[in-house]
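Student: fold the following for me, if possible:
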Amino acid sequence: MDIINHEFDAQTTPVYFSLALKRSYDIYMVYFPLFAICMVCFDRPRSILPVAVWLAATFLARHYMSRIFIRWNFLFYVVISAGWISYFIYTYGWNCGGTNFILPLMLISMFSLYDTLFNKIAFAVFLFILRMALFFHCQNYPPICILTETQMLILQIINTVLSFVVMAVICLTFGANLQKAEQHLMLYNKELRQQALTDPLTTLYNRRKMEEILNNHMTANPDGNFCIAIGDIDFFKKINDTYGHNCGDQVLSSLAALFKEKTLGIGHVCRWGGEEFLFFIPDTNLDDANTLMNDIRISVGKCAITYKELTIHVTMTFGIEENDFHSSLTELVKHADDKLYYGKTHGRNTVIF
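Tutor: Model prediction:
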């Protein structure tokens, strides 16, 4: 089975990074007008002009995101955010919650895949230094605009709520990205495992998978009875030599479909190698296995395989071995193979048990 060509890869990450920036800008474009309304209510209309500058800068950065390289988008986001934090604390003081916006700024920088670990650490150090510089500035100098305790409380609430909303949006955006990546990775690994354990031509189990099934069964059911049978297509080389390998492939695929139908709910079948198939029939004895394999043998003989304008009939020879509770899996398979060989040298189109 072919592996699905997933479109989800590292190239989709810029989409999520840009989406996180856009959503953060959208929140800022709500925050700045809300802040301006607060300034009007606080009877500080002159404070609206600087807020309008940041709102315009946010709008322009949001509008031109698709036309600018992603690193520049991130740089503009940092300038707008860090600039506003610095201006806000310098103007209104430390107790109004302006420093809360440092956290989403650090968060989105950590999710960036465009920088090395060193650059991310350097940026974290820069934000730490910025915070400490603003803190010591506030310890030595009063804010330009003196607000009442109620006004500071209102700004503290607004800044806290909006900064947490920005952080939640960033986490949800990248969380969805990581969740999709994990889902696609799990699906991809499942398909890889299925391909590794499936014969690509017949879509039956391959030899490795059948050995795994048999070993697991013998380990889990040490006292359980079962039979294995090996079947080989008679004169298959003649089909390949006469009609070509594509015709031979059609024969194998057609018989595989027949085997799936006959063993559904009864046992398992795999392509053991070449034109050989191995059947595993759990919880059965030699007589019942012989009945099943003879039914399959007869159905194979009746099966009309169409290839282009040709209709081909084939026969198969089978060897069956019952679990004797002391032989290894390798030995059981060899015993079945020996019986198959005996059937091949004594007329073919038979079941030896």
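
Student: any low-confidence regions in this structure?
Tutor: Within the chain, the ranges that satisfy pLDDT under 70 run 1-14, 112-115, 177-178, 181.

Student: can you tell me which helix or strand the most far-flung residue of it relative to its centre belongs to?
Tutor: Ranking residues of the chain by C-alpha distance from their mean position (CA atoms, centre = their mean) puts Asp43 at the top, at 55.1 Å. For Asp43, there is no host helix or strand (DSSP states H and E).

Student: mind checking how far it is from Pro143?
Tutor: Counting by CB to CB, to the nearest Å, the separation of Asp43 from Pro143 is 16 Å. Just so you know, the C-beta spots here come from the backbone N, C-alpha and C atoms, and that holds for glycine as well.

Student: how many neighbours does Met350 have?
Tutor: For residue 350 the amino acid is Thr, not Met. Counted with other CB atoms under 10 Å, residues neighbouring Thr350 total 19.

Student: next helix or strand past the helix or strand that contains Lys334?
Tutor: Counting by DSSP H and E, the element that carries Lys334 is helix 329-344. Following helix 329-344 in sequence order, the next helix or strand is strand 351-352 (DSSP H and E).

Student: so in that sheet, which strands flank that following strand, and in what orientation?
Tutor: Its sheet considered, strand 351-352 pairs with strand 316-322 (parallel) by DSSP bridges.

Student: could you pull out the strands in the stretch 151-300 of the chain for me?
Tutor: Under the criterion DSSP state E, counting those that start in this stretch, the stretch 151-300 of the chain contains strands at 226-233, 268-273, 276-282.

Student: just the residues contacting stretch 26-37, thanks.
Tutor: Residues from elsewhere that reach stretch 26-37 (CB atoms under 8 Å, 6 or more residues apart in numbering): 47-48, 51-52, 54-55, 58-59, 62, 80, 155, 158, 162, 165-166, 169.

Student: what's the neighbour count on the residue nearest to Tyr341 when sequence neighbours are not counted?
Tutor: Excluding its sequence neighbours, the residue lying closest to Tyr341 (CB to CB, 6 or more residues apart in numbering) is Gly319, at 7.4 Å. By other CB under 10 Å, 25 other residues sit near Gly319.

Student: out of the strands of the stretch 151-300 of the chain, which is closest to Ile85?
Tutor: strand 268-273 (65.0 Å; CB to CB).

Student: so what's the residue nearest to Tyr341 up against?
Tutor: By CB under 8 Å, 6+ apart, Gly319 lies in contact with 229-230, 335-343, 351-353.

Student: just put these in CSV and tack on distance to Gly265.
Tutor: As requested, the contacts of Gly319 are exported to CSV (distance: CB to CB, whole Å):
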residue, distance to Gly265
Ala229, 17
Ile230, 21
His335, 26
Ala336, 22
Asp337, 26
Asp338, 29
Lys339, 26
Leu340, 25
Tyr341, 30
Tyr342, 30
Gly343, 27
Val351, 21
Ile352, 26
Phe353, 22
